[in-house]
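Asks: Sequence first, predicted model second:
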Amino acid sequence: MIDAGIVRVVVQDARRRRGMRDVAAAAGVSVSTVANVLNNPAVVAEATRSRVEAAMDAIGFVRSAAARQLRGLPSRLVGSITLDQSNPFYAELNRGIEDHLDEAGCMLLACSTDLSPDKELRALRLLEEQSPRGVIITPTGEQPQRLTAVSSRGTPVVLLDARQAGTDLCAVAVDHELGGRLAGEHLIGLGHRRIAFVTAGPDIEPVRQRRDGLAAASRGRDRRQERAADLVELRMAPAGFAEGTDAVISAMLDRADPPTAAVCVNDVVALALIRGLEARGLRVPGDLSVVGYDDLPFAAHVRPALTTIARPIRELGRVAAELLLSEDAAGHRHQELVFRPRLVVRSTTGPIG
């Protein structure tokens, strides 16, 4: 309840959007004082600020982002475009982005492309129409021209989990080739010489980098390795994990020399593979050692606990948001930050029997 002696009641059409003049009239202050409360509250006396905020609540005032931008103030909206929001990895990325945006007084508008270049383009166009503070994007493929065009029109762009040579776009990425190599060297060190690389979905750049790293390990870069490991790639059908997992396991078992270990493109695929093996009465790691990728929150809590390649998911999102709001992104000066993944050994890998 607002004290009528402090705030004068102003009768207005309830359907009309309230503005700063309405707040000023209700609080008995100038419009410039209301503006200071909104944009520079430290210069307003606490009692006055409380009266203005009470008036805002009483009349239902909501600040206008459009009016804010007309006054030359930066937008509070940041767009995030990821490949698939149903993937827990991207949910964690967005949480990291939000962690920093919340501290900066900004809001995240998140959308996914479902790995469709056309959907990515529509999302970019719709976000640009909102004049956002910037866009953080995990691109669908190698189409840097559409992203550099957005940047050149004044909307800062930060690449997340991607690196695109030949552009001046800022990027936050992971050394995925190192991740693949760590997984391969771990399994080879346990005596495995027949290794499957299990993927799902399109062959995007981070996946290719992981494969390259695994292939480098299998070729025997380590001089202590007696011989190169055999590497086979298997792909889960996108129609569904149940059918895709069964097909992958059948393809493994039908080989003359079945793999004794598998490196999966992510933890979700690794978990699906493990559950499919268990349904067939096969043991992990007794019959097949399995390595995931990402170290999602569930990886340490499933049974058996998942050996995986960890990357700091939330930190990636947070750093991308920091970079976007920094002068580097705003000034379109190229800066690339690359994180090193690490191997986390748990219970799904063991020495070859």
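Replies: Yep, it's here.
Asks: got the contact list for the residue most central in space within the chain?
Replies: In the chain, the residue lying closest to the centroid (C-alpha atoms, centre = their mean) is Leu93, at 3.0 Å. Leu93 is in contact with 80, 82, 138, 160-161, 313-314, 316-317, counting by C-beta atoms under 8 Å, 6 or more residues apart in numbering. All C-beta atoms are positioned from the backbone trio N, CA, C, and that covers glycine.
Asks: top helix in this protein by residue count?
Replies: If you go by DSSP state H, the chain has its longest helix at helix 88-103.
Asks: And the helix or strand following it, what's buried?
Replies: For helix 88-103, the succeeding helix or strand toward the C-terminus, using DSSP states H and E, is strand 107-112. By neighbour count with 16 or more other C-beta atoms under 10 Å, strand 107-112 contains the buried residues 108, 110-112.
Asks: for the helix or strand where Ala54 lies, the distance to its chain's centre please.
Replies: Assigned by DSSP H and E, Ala54 falls within helix 46-59. Chain-centre distance of helix 46-59: 38 Å, with C-alpha atoms, centre = their mean, to the nearest Å.
Asks: show me what contacts Pro117?
Replies: Applying C-beta under 8 Å, 6+ apart to Pro117 gives the contacts 140-141, 143.
Asks: gap between it and Leu124?
Replies: Look at Pro117 and Leu124: by C-beta to C-beta, to the nearest Å, they are 11 Å apart.
Asks: what touches both of those two?
Replies: Here Pro117 and Leu124 have no joint contacts, going by C-beta under 8 Å, 6+ apart.
Asks: Averaged pLDDT, the helix holding Ala54. What do you get?
Replies: Helix 46-59 carries an average pLDDT of 89.
Asks: Render the CA-only coordinates of it in CSV, please.
Replies: The C-alpha trace of helix 46-59 is given here as CSV (Å, rounded to 0.1, in the frame of the first residue of the first chain):
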residue,chain,number,x,y,z
GLU,A,46,17.3,6.7,-1.0
ALA,A,47,14.0,8.1,0.2
THR,A,48,13.3,9.6,-3.2
ARG,A,49,14.3,6.4,-5.0
SER,A,50,12.0,4.4,-2.8
ARG,A,51,9.1,6.8,-3.5
VAL,A,52,9.7,6.6,-7.3
GLU,A,53,9.9,2.8,-7.2
ALA,A,54,6.7,2.6,-5.2
ALA,A,55,5.0,4.8,-7.8
MET,A,56,6.2,2.5,-10.6
ASP,A,57,4.6,-0.5,-8.8
ALA,A,58,1.4,1.4,-8.1
ILE,A,59,0.7,2.5,-11.6
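Asks: residues of that helix that come out buried?
Replies: In terms of neighbour count (16+ other C-beta under 10 Å), helix 46-59 has its buried residues at 49, 51-56, 58-59.
Asks: Please identify which of these is nearest to Ser75.
Replies: Met56 (20.8 Å; C-beta to C-beta).
Asks: before we move on, back to that, are any of the contacts of Pro117 buried, and if so which?
Replies: Applying 16+ other C-beta under 10 Å to the contacts of Pro117 flags Thr140 as buried.
Asks: Adding secondary structure, write the contacts of Pro117 out as TSV.
Replies: As requested, the contacts of Pro117 are exported to TSV (DSSP: H, G, I helix; E, B strand; the rest coil):
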residue	secondary structure
Thr140	coil
Gly141	coil
Gln143	coil
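Asks: least confident pick among the contacts of Pro117?
Replies: Across the contacts of Pro117, the smallest pLDDT goes to Gln143, namely 71.
Asks: show me the contacts for it.
Replies: Neighbouring residues of Gln143 by C-beta under 8 Å, 6+ apart: Pro117.
Asks: Measure how buried Arg314 is and give me the count.
Replies: 15 (other C-beta atoms under 10 Å).
Asks: To clarify, my last question referred to Met20.
Replies: 21.
Asks: For Val172, see how far away it is.
Replies: Look at Met20 and Val172: by C-beta to C-beta, they are 38 Å apart.
Asks: just to revisit the earlier point, helices or strands next to the helix holding Ala54 in the packing?
Replies: Packing partners of helix 46-59 (3 or more C-beta pairs under 8 Å, 6 or more residues apart in numbering; DSSP states H and E): helix 20-27, helix 31-39.
Asks: Can you tell me which of the ones you listed is most buried?
Replies: helix 20-27 (a mean of 21; mean count of other C-beta atoms under 10 Å).
Asks: can you give me how far that one is from the chain middle?
Replies: Helix 20-27 has its C-alpha centroid displaced from the chain centroid by 42 Å (C-alpha atoms, centre = their mean).
Asks: Look up which helix or strand Ala251 falls in, please.
Replies: Going by DSSP H and E, Ala251 is in helix 241-253.
Asks: again with His186
Replies: helix 176-189.
Asks: taking the mean pLDDT, what do you get for that helix?
Replies: Helix 176-189 comes out at a mean pLDDT of 97.
Asks: Thank you, goodbye.
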